[in-house]
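S.K.: Give me a model of this one.
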Amino acid sequence: MDNFLKFIITLWVIFFIFLLYEIFDYIKFKFYLKSLKDKPCKCKIYLEKLDYYQKIPQHLKEIIEFKIKRFLIEKTFIPKYMQIDDEIKCLIAFYACLPTISYKNFCYPSLKYIFVYPHTIIKEHINQHGIVKKEILISGESVGDAVVIAWNEAKREIFHYQKRNVIIHEFAHELDFEEGMIDGIPIFAIKDYEHFKKIFNETFKKASKEKILDEYAFTNKAEFFAVSSEYFFLRPKTLKIHYPKLYEEYKKIFKFDPLEIKK
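M.R.: Next up is the predicted model:
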């Protein structure tokens, strides 16, 4: 047997082993998902306190409970200067999973950590002149593999309706990160990228002049997507009345219509 033939056989053996590994990994993953489906959701006692959870239809309740169970296993919560209990984890998980409620098996693949602070965070950085500047993060931050949440802000928005939600906001950024570019185009819009981008950019330009949405939306396109996502889930009438084309695009990419559950 010449060396070339040996090389080809070796390549086929490596490919076959790789294929077996992938099949085994896929089967293992399927069993993992099935085991989650069969487990009771320990978060239900906390979810039932939420008006939003109460209004969604039963089949979506089952999906989001499944997604929350997976989220709590796969993501690491790291408390900073506070203790966090199951209720805090469950409530954060609910609003993190809400924008992906129609994507049963999507669980923010790039995300690893959720840092939870008791209150708003102050960051320090040194500018080009060597002067220490303090920057107050009003409620949170998203950096791809990690999300930061200030619990006092999140809790107030959850239980005392503020028409804003830092959790939805930061996880909208995560959907933007998953797409690969921080440009306001989420991973769910990839299939119809050019069309979505056209409507999104037109709406951003129009909204920037009208200033109907929260002013922070006009910081850049990434923030516009995050803020308008909050409006989509929490103030859908406002978004639909003023920016109907964008609302329809969000209905497509999120595969969800908040107005249907708010009737």
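
S.K.: Can you find the helix or strand of this structure with the lowest average pLDDT?
M.R.: Lowest by mean pLDDT, DSSP states H and E among the helices and strands of the chain is strand 132-137, with a mean of 64.

S.K.: Can you give me the neighbour number for the closest residue to Leu246 other than its chain neighbours?
M.R.: Once flanking residues are discounted, Leu246 sits nearest to Thr203: 4.3 Å by C-beta to C-beta, 6 or more residues apart in numbering. No exception for glycine: its C-beta is placed from N, CA and C like everyone else's. Look at Thr203: counted by other C-beta atoms under 10 Å, it has 20 neighbours.

S.K.: mind checking how far Thr203 is from Asp145?
M.R.: 29 Å (C-beta to C-beta, to the nearest Å).

S.K.: low-scoring stretches of the stretch 1-150 of the chain, by residue?
M.R.: Scanning the stretch 1-150 of the chain for pLDDT under 70 picks out 1, 4, 7, 9, 16, 18-35, 123-138.

S.K.: could you pull out the helices for it?
M.R.: 3-38, 44-47, 51-55, 58-74, 86-97 (DSSP state H, counting those that start in this stretch).

S.K.: hang on, the earlier thing: residues in contact with the residue nearest to Leu246?
M.R.: Residues near Thr203 by C-beta atoms under 8 Å, 6 or more residues apart in numbering: Ser228, Tyr243, Lys245, Leu246.

S.K.: Looking at those, which two lie furthest apart in space?
M.R.: Maximum pairwise distance among those (C-beta to C-beta): 11.9 Å, between Ser228 and Lys245.

S.K.: Rebuild the helices of the stretch 1-150 of the chain as CSV, extending it with distance to Lys209.
M.R.: Formatted as CSV, the helices of the stretch 1-150 of the chain follow (distance: least, C-beta to C-beta, whole Å):
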stretch, distance to Lys209
helix 3-38, 46
helix 44-47, 40
helix 51-55, 31
helix 58-74, 36
helix 86-97, 30
